[in-house]
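>>> just the structure for this:
(one chain, ligands or ions: 1)
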Amino acid sequence: MKKFFALLLVAMLALSCTAALAEKVGVSMPTKDLQRWNQDGENMENLLKEAGYEVDLQFANNDVATQLNQVQTMVDEGCDVIVIAAIEGSSLGAALDAAGAKEIPVIAYDRLLMDNANVNYYATFDNYMVGTVQGEFVRDALDLENAEGPFNVEFTAGDPGDNNAGYFFNGAMDVLKPYIESGKIVVPSGETEFEKVATPTWKTEVAQQRAEDVINSNYADGTELDAWVCSNDSTALGVTNALEANYAGSNWPIITGQDCDKQNVKNMIAGKQAMSVFKDTRTLAAQVVKMVGQILKGEEVEVNDTETYNNNVKVVPSYLCAPVFANVDNYQALLIDSGYYTEDDLK
Ligand code: BGC
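Got it, this is the predicted structure:
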């Protein structure tokens, strides 16, 4: 009898250890197409594993149905927390409902999950500030306060299905709008509305196509372009390609970006892109791993914004990391000395 109880005790101990070890975190990333999501996914996986969790990391090939299936599978296989960077913020409702029914906490990663109550936390960079940094850079580089102008400026924004895209665009537009209204900035294409300048899927080729159309219709006669405000690096790349192939003006315009993707940093070094915004994915991943730990240990979850991010159902408690201005003058310290890239990455 004694032996039986001893065995039972050993079995129970073993079971509870497996249960503790088995804490599993699902990580759903939008695509491997864009450099940043590969880095985000890899950072999260490494940090979560280091913290002792099992990880199910999936990339959804920018296909909403695939991401829905992947998240549903994470729910079905009993993940303890699910972290999601959505392709389209409002398309994962069914999987979020399923997570809610099983009381699985969900963290929206970088992009807010919309129109659903089962979003527990949001961790991102300050998206509006990203746009402000871009707008202020253009304002100062063109010296809009003092110079006479007028200056020709065009805009390219992100994916309308990504809640971040509006924040980036509005951040930049709020800085530059007064100059458009006063006539110091002219937008020859006439396209200043988000819907008009948006880039579905954020794809380089899509941004390039619109940029070619804008250049052909408005700049073919050699009209000078002073700046092209692009919300991120993948779209900035498309605009740069289009300008290189089709622009007939004599001065190279200021082009903005965001993410410090390798190709764009090379373009900054080559003088083709004026700036980018560095969002250290290591910082965001570390913050989210911290959140996961706090949730699973039942501790208070650290947030620093409980007002800004309303997903149409609720304000989601958020942690906003700070984005950092980057250009050819500081990329060495920001990106290389910090170990984010090697010199070889940028050759
Ligand atoms: C991210 C950006 C990224 C863009 C395209 C946005 O949600 O915040 O960093 O450039 O998606 O992937």
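
>>> how close does the most centrally placed residue in the chain sit to Val229?
By C-alpha atoms, centre = their mean, the chain has its centre lying nearest to Asp110, at 5.3 Å. Going from Asp110 to Val229 by C-beta to C-beta, to the nearest Å gives 21 Å. No exception for glycine: its C-beta is placed from N, CA and C like everyone else's.

>>> please apply the same query to Asp143.
16 Å.

>>> do the same with Gly131
9 Å.

>>> residues near the residue in the stretch 101-250 of the chain that the ligand sits nearest to, how many?
Closest to the ligand within the stretch 101-250 of the chain is Asn232: 3.4 Å, counting by C-beta to the nearest ligand atom. A count of nearby residues for Asn232, using other C-beta atoms under 10 Å, gives 30.

>>> what about the closest residue to it other than its chain neighbours, neighbour count?
Using C-beta to C-beta, 6 or more residues apart in numbering and skipping the chain neighbours, the partner closest in space to Asn232 is Gln258 (4.2 Å). Using other C-beta under 10 Å, Gln258 has 30 neighbouring residues.

>>> then the one 4 residues further on?
Number of residues near Lys262 (other C-beta under 10 Å) recorded here: 15.

>>> give me the distance between the nearest residue to it once chain neighbours are set aside and Gly171.
Excluding its sequence neighbours, the residue lying closest to Lys262 (C-beta to C-beta, 6+ apart) is Asp345, at 5.5 Å. Here Asp345 is placed at a distance of 28 Å from Gly171 (C-beta to C-beta).

>>> and what of Tyr309?
Applying C-beta to C-beta to Tyr309 and Gly171 gives a distance of 14 Å.

>>> settle this for me: Asp40 is touching Asp110, isn't it.
Yes: counting by C-beta atoms under 8 Å, Asp110 is a contact partner of Asp40 at 7.1 Å.

>>> which neighbours do the two share?
Shared contacts of Asp40 and Asp110, defined by C-beta atoms under 8 Å, 6 or more residues apart in numbering, are found at 85, 284.

>>> quick one: contacts for Glu23?
Contacts were defined as C-beta under 8 Å, 6+ apart; by that measure Glu23 touches 52-54, 80, 296.

>>> helix/strand/coil for Val292?
helix (DSSP: H, G, I helix; E, B strand; the rest coil).

>>> ok, and the closest non-adjacent residue to it?
Distances taken as C-beta to C-beta, 6+ apart put Val81 closest to Val292, at 5.1 Å, once the chain neighbours are dropped.

>>> next one: Val186
Val186's closest residue in space is Pro150 (C-beta to C-beta, 6+ apart), at 4.8 Å.

>>> tell me which residues touch that neighbour, please.
By C-beta under 8 Å, 6+ apart, the residues touching Pro150 are 183-186.

>>> would you say Tyr319 is within a strand?
Yes: assessed with three-state DSSP, Tyr319 lies in a strand.

>>> what's around it, how many residues?
For Tyr319, the count of nearby residues is 20 (other C-beta under 10 Å).

>>> so how far is the ligand from it?
Using C-beta to the nearest ligand atom, to the nearest Å, Tyr319 is found at 14 Å from the ligand.

>>> which residue, other than its chain neighbours, is closest to that residue?
Looking at Tyr319 with C-beta to C-beta, 6+ apart, the closest residue is Ala123, at 4.6 Å.

>>> got a list of what the one you found touches?
For Ala123, the contact set (C-beta under 8 Å, 6+ apart) comprises 107-110, 284, 287-288, 291, 318-319, 321.
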